[in-house]
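> Here's my sequence, what's the structure:
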Amino acid sequence: MKKNKSKFIRLLKIKHWFYSHHFKIIAKFLDYVTRTKFSCDIPASLEIGNNWKIAHFGLGIVIHPRAKIGDGFTIFQNATIGCRKMQGPPTIGNNVYIGAGACVLGNIKIGNNVSIGANAVVLTDVPDNSIAVGIPAVIKTKKEV
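Next comes the predicted model:
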């Protein structure tokens, strides 16, 4: 099982390499492969940091191509990171955990060391060291919880 996950992550890194080295047709083809084989839309143009984890082979994950994601990112199945009402995509900091089914929408900033709960809908900025849960998300510092 671990071996298959590393193949999935390797495929994402390979298609990003092709995209960043101007082999966009090959990158687009690999985007199509990940969409059909893994049922996710993780584009080759995505700017993502190091040490990230994508659970369940990215099943149902949709990420906007212009989203920016920091280091230590963990995302679970059926999560969405995208635009809202023609705004830009979100910017996500370091060490962010996004639970299953969560939606992070709009031109917002998610701080460092943030946890977003399962099925939360985040529409506003989330400061560092916070937790966001609910629809729409209620934001609390980790000290309050």
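> Then K143 would be within a strand, right?
No: using DSSP: H, G, I helix; E, B strand; the rest coil, the assignment for K143 is coil, not a strand.
> can you give me the strands in the protein?
Applying DSSP state E to the chain gives strands spanning 47-48, 53-54, 62-63, 68-69, 74-75, 80-82, 91-92, 97-98, 103-105, 109-110, 115-116, 121-122, 130-133, 138-141.
> quick one: which of those is nearest R35?
Of all the strands of the chain, it is strand 62-63 that lies closest to R35, at 10.0 Å by CB to CB. Just so you know, the C-beta spots here come from the backbone N, C-alpha and C atoms, and that holds for glycine as well.
> Which residues does that closest one contact?
C40, D41, I42, P43, L46, I69, A79, T80, I81, G82 (CB atoms under 8 Å, 6 or more residues apart in numbering).
> Now distance to K28 and mean neighbour count too, for the strands of the chain, in JSON lines please.
Shown next, in JSON lines, are the strands of the chain (distance: least, CB to CB, whole Å; neighbours: other CB atoms under 10 Å):
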{"stretch": "strand 47-48", "distance to K28": "18", "mean neighbour count": "16"}
{"stretch": "strand 53-54", "distance to K28": "20", "mean neighbour count": "18"}
{"stretch": "strand 62-63", "distance to K28": "16", "mean neighbour count": "20"}
{"stretch": "strand 68-69", "distance to K28": "21", "mean neighbour count": "20"}
{"stretch": "strand 74-75", "distance to K28": "22", "mean neighbour count": "22"}
{"stretch": "strand 80-82", "distance to K28": "19", "mean neighbour count": "20"}
{"stretch": "strand 91-92", "distance to K28": "24", "mean neighbour count": "22"}
{"stretch": "strand 97-98", "distance to K28": "26", "mean neighbour count": "22"}
{"stretch": "strand 103-105", "distance to K28": "25", "mean neighbour count": "23"}
{"stretch": "strand 109-110", "distance to K28": "28", "mean neighbour count": "18"}
{"stretch": "strand 115-116", "distance to K28": "30", "mean neighbour count": "23"}
{"stretch": "strand 121-122", "distance to K28": "29", "mean neighbour count": "22"}
{"stretch": "strand 130-133", "distance to K28": "33", "mean neighbour count": "22"}
{"stretch": "strand 138-141", "distance to K28": "37", "mean neighbour count": "13"}
